[in-house]
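1. sequence? don't have it. structure:
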């Protein structure tokens with residue numbers, strides 16, 4: 001079992017992992033604003049350097065990420081399976097989607113990150 005790095009992981013996901021029940025249908029409370037910022041920052045931190053195209057990973061202008069992968073890319077940081085692997089990113093996306101309204105700013109940002117993850 002391999003784990004994604006915890007650095008920059010959204011607080012709500014960390015709280016959920018530490019909870020005794022870890023019920024998927026009842027995550028800890030969160031705001032969509034916090035989760036959207038934290039999940040995107042975490043996702044960017046998991047990406048190989050070429051995706052940042054020389055931009056600062058902590059800057060607002062890093063998005064969207066470069067998408068043309070070099071032929072030898074192995075996705076080392078995100079190629080993790082198990083309960084603390086890439087499934088956590090998908091769980092974070094599901095929480096984000098559940099908290100936004102179709103057409104609002106957070107939904108548009110959600111779609112952008114979802115497309116990037118896909």
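-> Alright, I've got the coordinates. Keep in mind that what you see is a predicted model, and the values were worked out from it rather than measured.
2. tell me which element the nearest residue to residue 107 once chain neighbours are set aside falls in.
-> Using C-beta to C-beta, 6 or more residues apart in numbering and skipping residues adjacent in sequence, the residue nearest residue 107 is residue 100, 4.3 Å away. All C-beta atoms are positioned from the backbone trio N, CA, C, and that covers glycine. Here residue 100 is covered by no helix or strand, with elements defined by DSSP states H and E.
3. measure residue 100 to residue 64 for me?
-> 19 Å (C-beta to C-beta, to the nearest Å).
4. ok, back up a step: return the residues in contact with the residue nearest to residue 107.
-> 32, 36, 106, 107, 110 (C-beta atoms under 8 Å, 6 or more residues apart in numbering).
5. do that again at 6 Å, thanks
-> 32, 106, 107, 110 (C-beta atoms under 6 Å, 6 or more residues apart in numbering).
6. Looking at these, state which has the most neighbours.
-> Counting neighbours by other C-beta atoms under 10 Å, the top entry in the contacts of residue 100 is residue 110, with 22 neighbours.
7. just to revisit the earlier point, which one of the contacts of residue 100 sits closest to residue 85?
-> residue 110 (20.9 Å; C-beta to C-beta).
8. Surely residue 53 touches residue 66?
-> Yes. At 4.5 Å, residue 53 and residue 66 qualify as touching, with contact defined as C-beta atoms under 6 Å.
9. quick one, which of the two is more surrounded?
-> residue 66 (15 against 11).
10. List of residues touching the helix or strand where residue 44 lies?
-> Using DSSP H and E, residue 44 maps to helix 32-45. Residues from elsewhere that reach helix 32-45, judged by C-beta under 6 Å, 6+ apart: 8-10, 12, 57, 62, 92, 96, 99-100, 106, 109, 113.
11. Now tell me which of those the prediction trusts least.
-> Across those, the bottom pLDDT score, 74, is held by residue 57.
12. Under a three-state scheme, what state does that residue occupy?
-> Secondary structure, DSSP: H, G, I helix; E, B strand; the rest coil: residue 57 is coil.
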